[in-house]
Every structure is written in structure tokens, then in C-alpha cells.
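My questions concern the predicted model and sequence given below.
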Amino acid sequence: MYGIITLRNFRNKAAFTSFSCSRFAHSLPFATVKAEEISGSQPAEVLNLVQGNWTKSSGWNTILDPLNGESFIKVAEVDEKGIQPFVESLARCPKHGLHNPFKAPERYLMLGDVTTKAAYKLSLPEVSDFFAKLIQRVAPKSYQQALGEVYVTQKFLENFCGDQVRFLARSFGVPGNHLGQQSHGFRWPYGPVAIITPFNFPLEIPLLQLMGALYMGNKPLLKVDSKVCIVMEQMLRLLHDCGLPVEDVDFINSDGKTMNKILLEASPSMTLFTGSSRVAEKLALDLKGRIKLEDAGFDWKILGPDVQEEDYVAWVCDQDAYACSGQKCSAQSMLFMHENWAKSSLIQKLTGLAARRKLDDLTIGPVLTLTTEAMLDHMKKLLEIKGSKLLFGGEELQNHSIPAIYGAIKPTAVFVPLEEILKDNNYELVTREIFGPFQIVTEYKHDQLPLVLNVLEKMHAHLTAAVVSSDPLFLQEVIGNSVNGTTYAGLRARTTGAPQNHWFGPAGDPRGAGIGTPEAIKLVWSCHREVIYDIGPLPQNWKCPQPT
Ligand SMILES: NC(=O)c1ccc[n+]([C@@H]2O[C@H](COP(=O)([O-])OP(=O)(O)OC[C@H]3O[C@@H](n4cnc5c(N)ncnc54)[C@H](O)[C@@H]3O)[C@@H](O)[C@H]2O)c1
């Protein structure tokens, strides 16, 4: 999801951490684990939080270390028999929330204070290093990518310090028709809500959505994918340390089926789901539409006719497609090259950049939701399409100990001719999201832009996009004829990159959610309520009129 960000501050801190962290690692007051010491012989435990208490459950789910297969984390997973305390806890929160502009407004200030403290703590090198390393253990990505996730999270918290939380609930008023009448629009909470998040950004996605839900007055039940839930468990402990009341958030570990059952029984007023389109569509039906979605991304980049800065553009393509082993929902899944780019050395450069990626530093690593076989099978099917060819990759990683339940392939690119992509029997296959280091590359001739736009029109997921060109008319043409919710345009355009300072989310779907900005928080976590004051006085000599 998130890409190349400015890491200036953190680089300095990272340099500092390298010699200072081992000294601090044992003294983080909130933490119950040490990121580097979790192992098969010293497995970590992850608990649930309900009604203010950390609890175990009747069973443990064992998580395998994605790098060596050791059973290194035990998650106390709630099964269908254990859901009642969570259902009851949500039921205790009224529809009008824990706070709203007419109720307990001091909570807006309290949450501003908690956020100030949390932003400060997360800025400490020993704390950011702890979370970056913990992220790396469960969702292996390079240290810089993991630290980037922590950095965006910390900057987000900085944005909502002090009075910024109450400013989110800013209202407006309009004069009425007669003396004493005024209408006021308020941002109103939903009350009991649920947040479900995937494995790929273990800190950023759940934390940003959780804080947004709290800010607007809701009581959230949070469920993070069990493979990575240890990160948010530790973050909740940090938030408690910063003054967040323990009853404000419930945290559950379970499989998808159990969570589905909780949603049906507890019937939260709103659920925010981030994950695959398959589960998103199921939940949308089950919850009768009381849901907002951040679902699959089949993200595209179009290189316009003006070839320039080849080295830079190739580097951005490599980062977009293969950083975090392609497991960002914003990862570049399809690259459309203008024929001028096809004649350039772009593909050669891209091949060289992809070859630099190494398991040693996790610039390439395990794929957590697809096996090696599944990805290579998909590639074989693509290669059966007329005119398609393997550009690079297409092989299993060498000398690895990644367990077979996960995937391990080299950064891969498959070329498929544009005309073939548009054929009905190929379209679905070619545009299937492969959540791993895998992209489709194609070429369009000067007069074939309408065909490219046609490919985009047929897609069902409209998350991120990039239009790489310095020609304003070209940018206008592509942006004006497409939909994606987060679109980068210009010479430096990328598909990945979801810093806290811009909206990130899909467009073209009324259920689409957003993350990061004040607008995203208000849209996802509050609804509009209008209060019309009509206090009088009555007009002098008022008499009862005829009925109408
Ligand atoms: N749009 C975004 O912002 C965004 C961000 C990250 C990931 N993604 C997408 O997420 C997908 C990868 O994540 P994944 O494979 O872990 O997704 P997934 O849909 O399998 O799982 C996501 C979460 O839903 C839970 N879940 C599964 N079935 C459920 C059910 N029936 N009821 C309730 N909860 C259920 C899982 O346990 C997990 O916590 C990709 O498609 C990617 O594009 C989207």
C-alpha cells in the first residue's frame, strides 16, 4: 500500500538506533515481547482485550515464522463458543456513541492528549525500531519499508494532537426562516463499530482506522489478521500507557468465520473492512450494506508518449511492483508502456533493478497469501496467451527456508499483448490480482490509447493508478476517462504511496472507504446529523390556520 516516502527524520533516527537500540529493547514499559527474541523456543503470546481485560481463550493458533517455519507466535484465538463477551461489550455502547457534540465532549480532548503522547512515544528511536522490527518478523519487508510504515503512523498521530480531534467534529449552522430557527449540521458517531484489517500493514492500517473510529465517538471492536496481530496488541498496550481507557477498544483474535458470526450477532452499526474483494462482497451482503470497504487493488500505471528520466521511471516501477514483495494493495499490477517506452531501455533497466532484490535484506521475501505453486501456475496460464512472454523472474527463490504454506518467487513480469488482454476469455485471467511480486506488462501504439482506457473501464477495483507523463493533455485524457481513488499524475507518478497527508482509498463504489486524512475519518467514522433549533417566539397574534 505505502511506498517511497521521505524518511529524512527517520534515517537519522535509524542511524542512532543501530547502536542504541539493544540498550533500550529491554526497557520499553508497555511492551510484553522483544521483537528479535521471538522464536520457536521462546514463542510470544498474543491475547484478546474485552471489557477492559486482557484474556486468553480456550485454544491457541500457532503462527509459523515466515522465514524459517518455526512455530514462533501463539495467538489466543476466540472460537464461536467464546464470542459472547465481545457481543455484550459492543451492545453496551449506545448508537449515539461514547461521545458526540452533545455528550461527554471532554473525550475529544482526552483523545487529543492520548494522541499527543502516543505520537511522542512512537517518535522515540527505540520505540519506532521496536515496531519496525516486530513488523518485519510477521510481515517480512525491508527495514526501510517497515520503518516507513511506523513513520506514516507516527506522522498521522502528530496530525491529530490537541484540539485537532474536536476539530474533526466541527459543525456548521444556517439561519432559518424565522426568528429562533437555525439549522446545524453535526458529525455523529455510529456507536458500536467493527474494524477488520489484513496482514500486509500490521500497524498502519489498523491504527489509523482505530484512531479515526475513536475520535468520532465510536466504540470499536478490532480484528487484525492473526498472522500479524501481535503488532497491534503491542500498540494497544502503548496506547493504554498513554492514557487510553482500557474499555474504549475491544481487540479480538479469531478466524474469519468466527468474526463473521460476531458481526451477525453483535450487529455493529458500521464495519470497516480492509482486505480481499471476496470477503468484502460476502460481508456487504451479510451486513445488509452497513459496511465501508477498502478492498482489492489491481493497480495500473500508464507511461505516456514522452520518454524521459528513464532511470528514475524504471526505479519507481521496480519499487511500485516489488517493494514489500508486491504485497501492497497499491502495488503496480499492470504496466502500460507507450511504444516509445517499449523502444527505450526501460525493460532492461527494470530487469536489472529487480535482480538486485535479495532475501537477505528482505527486499524480496515471503508471500503470505499465495503459495509458490499458485503463482507459477498463474504465470503458466498467462504464458499460454498468444504473443505473451516472460520478461524476467518466473522462478522460485533460491536457498530459502520459507515454509511451503507461503510463497517464494523472484520478482516476475509477464508481457501480454494489449489486444489479447481485451479478449473476453483472457480478461479475467490477466486482471486477476496476484498479491505477490508479480506484474503484467503491455504495450500500446500511438493510436491505441482508447483500447488502454477500455481495459481500465472493464476493471472492477479502482484503488490506485499512475499516469507518467509531462504532457498535460495526455494526463487530462487519462484522468478524465478513468476512476481510481488515489491517482498520481506526472513525471514522478507512482502507484504506491499512502502517506498520512493524502486520501487513500478506492473510488467508483458508494461503499468505498478512505484512510489517513481528516476527510477520510469523517466520511468513514461519522454520519451527518442535522439539529434544527426552532425556539420561537411565535408570531404575534398567531391563530390556528386551516389544515393543509
Ligand atoms: N484497499 C486497501 O486499502 C487494502 C489494503 C490492504 C490490503 N488490501 C487487500 O487485501 C487483500 C490481502 O489481504 P488478505 O488476503 O489478508 O485479505 P482477506 O480478505 O483474506 O482477510 C482480511 C481480513 O478479513 C478477515 N476475514 C476473512 N474472512 C472473514 C469473514 N468471513 N468475516 C469477517 N472477517 C473475515 C481475515 O481474518 C483478515 O483479518 C488483497 O486483496 C489486498 O489488495 C486492500
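Ah, there it is. Numbering: from 1, shown residues only.

Quick check: residues of the stretch 301-450 of the chain near the ligand?
Within reach of the ligand by C-beta under 6 Å from any ligand atom, the stretch 301-450 of the chain has these residues: C329, T369, E433, F435. Every C-beta, even on glycine, is put in place using the N, C-alpha and C of the backbone.

Give me the subset of those lying in helices.
Among these, no member falls in helices (DSSP state H).

Looking at those residues, which is nearest the ligand?
The closest of those to the ligand turns out to be C329 (C-beta to the nearest ligand atom; 3.2 Å).

in stretch 234-251, what counts as buried?
Residues of stretch 234-251 classed as buried by neighbour count (16 or more other C-beta atoms under 10 Å): 234-242, 244, 247-251.

Next, give me the two most distant ones among these.
Q234 and E247 (19.2 Å; C-beta to C-beta).

burial measure for T62, as a count.
Neighbour count for T62, taken as other C-beta atoms under 10 Å: 13.

dump the residue contacts of it.
P43, S71, I73, K74, V75 (C-beta atoms under 8 Å, 6 or more residues apart in numbering).

let's go with 6 Å and repeat that
S71, K74 (C-beta atoms under 6 Å, 6 or more residues apart in numbering).

tell me the pLDDT at it?
With respect to pLDDT, T62 has a value of 98.

from the chain's centre, how far out does the helix or strand where it lies sit?
Using DSSP states H and E, T62 falls within strand 59-64. Offset of strand 59-64 from its chain centre (C-alpha atoms, centre = their mean, to the nearest Å): 24 Å.

ok, back up a step: quick one: which of the buried residues of stretch 234-251 sit in strands?
D250, F251 (DSSP state E).

nearest to L111, of the buried residues of stretch 234-251?
Distances from L111 to the buried residues of stretch 234-251, taken by C-beta to C-beta, are shortest for L244, at 7.9 Å.

For that closest one, give its distance to A118.
Separation of L244 from A118 (C-beta to C-beta, to the nearest Å) stands at 8 Å.

Could you list the paired strands of the strand holding T62 along with their orientation?
Strand 59-64 sits in its sheet next to strand 71-77 (antiparallel), going by DSSP bridges.

burial of the nearest residue to L456 once chain neighbours are set aside, as a residue count?
Nearest residue to L456 in three dimensions, chain neighbours excluded: S482, at 5.0 Å (C-beta to C-beta, 6 or more residues apart in numbering). Residues lying near S482 (other C-beta under 10 Å) number 20.

Run a quick neighbour tally on P450.
By other C-beta under 10 Å, neighbour count at P450 equals 11.

can you tell me how far the closest residue to V138 other than its chain neighbours sits from F131?
Excluding its sequence neighbours, the residue lying closest to V138 (C-beta to C-beta, 6+ apart) is V228, at 4.3 Å. Counting by C-beta to C-beta, the gap from V228 to F131 is 12 Å.

got the CA positions of stretch 175-183 in PDB?
Extracted in PDB, the C-alpha atoms of stretch 175-183 (Å, rounded to 0.1, in the frame of the first residue of the first chain):
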ATOM      1  CA  PRO A 175     -30.000  30.800   9.500                       C
ATOM      2  CA  GLY A 176     -33.600  29.600   9.400                       C
ATOM      3  CA  ASN A 177     -36.800  31.000   8.000                       C
ATOM      4  CA  HIS A 178     -38.000  33.000  11.100                       C
ATOM      5  CA  LEU A 179     -36.700  34.300  14.400                       C
ATOM      6  CA  GLY A 180     -35.500  31.500  16.600                       C
ATOM      7  CA  GLN A 181     -34.900  29.000  13.800                       C
ATOM      8  CA  GLN A 182     -31.400  27.800  12.800                       C
ATOM      9  CA  SER A 183     -30.200  24.500  11.400                       C
END
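
Which residues outside it are in contact with it?
G173, V174, E530, I532, Y533, D534, I535, G536.

For the last one, give me its contacts.
Taking C-beta under 6 Å, 6+ apart as the contact definition, G536 lies against G180.

Quick one: classify it as helix, strand or coil.
coil (DSSP: H, G, I helix; E, B strand; the rest coil).

where's the closest residue in space to L238 that isn't next to it in sequence relative to the ligand, distance?
Distance criterion C-beta to C-beta, 6+ apart; nearest residue to L238, sequence neighbours excluded, is F30 at 4.6 Å. F30 sits 23 Å away from the ligand, going by C-beta to the nearest ligand atom, to the nearest Å.

Next, count neighbours for F30.
Neighbours around F30, by other C-beta under 10 Å: 16.

And for the one 3 residues further on?
For V33, the tally of surrounding residues (other C-beta under 10 Å) stands at 21.

same check, this time on K522
With neighbours defined by other C-beta under 10 Å, the count for K522 comes to 19.

before we move on, back to that, now check the strand holding T62, is it near the ligand?
No - against the ligand, strand 59-64 shows no contacts by C-beta under 6 Å from any ligand atom, the least distance being 10.9 Å.

Could you do stretch 194-202 as well?
Yes - interface with the ligand: stretch 194-202 contributes I196, T197, P198, F199, N200 (C-beta under 6 Å from any ligand atom).

Looking at those, which is nearest the ligand?
Nearest to the ligand out of the residues of stretch 194-202 next to the ligand is P198 (C-beta to the nearest ligand atom; 3.3 Å).

Identify the residue spatially nearest to that closest one, adjacent ones excluded.
G275 (4.4 Å).

measure the residue nearest the centre of the chain to V441 for me?
Against the mean C-alpha coordinate of the chain, by C-alpha atoms, centre = their mean, the closest residue is I205 at 4.4 Å. From I205 over to V441 the distance is 29 Å, taken as C-beta to C-beta.

One more: R356?
19 Å.

got the CA coordinates for the strand holding T62 in PDB?
Taking C-alpha atoms only, strand 59-64 is exported to PDB below (Å, rounded to 0.1, in the frame of the first residue of the first chain):
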ATOM      1  CA  GLY A  59      -7.400 -22.500  22.100                       C
ATOM      2  CA  TRP A  60      -4.100 -21.200  20.600                       C
ATOM      3  CA  ASN A  61      -3.400 -20.700  17.000                       C
ATOM      4  CA  THR A  62       0.300 -21.200  16.200                       C
ATOM      5  CA  ILE A  63       1.800 -18.900  13.700                       C
ATOM      6  CA  LEU A  64       4.800 -20.000  11.700                       C
END
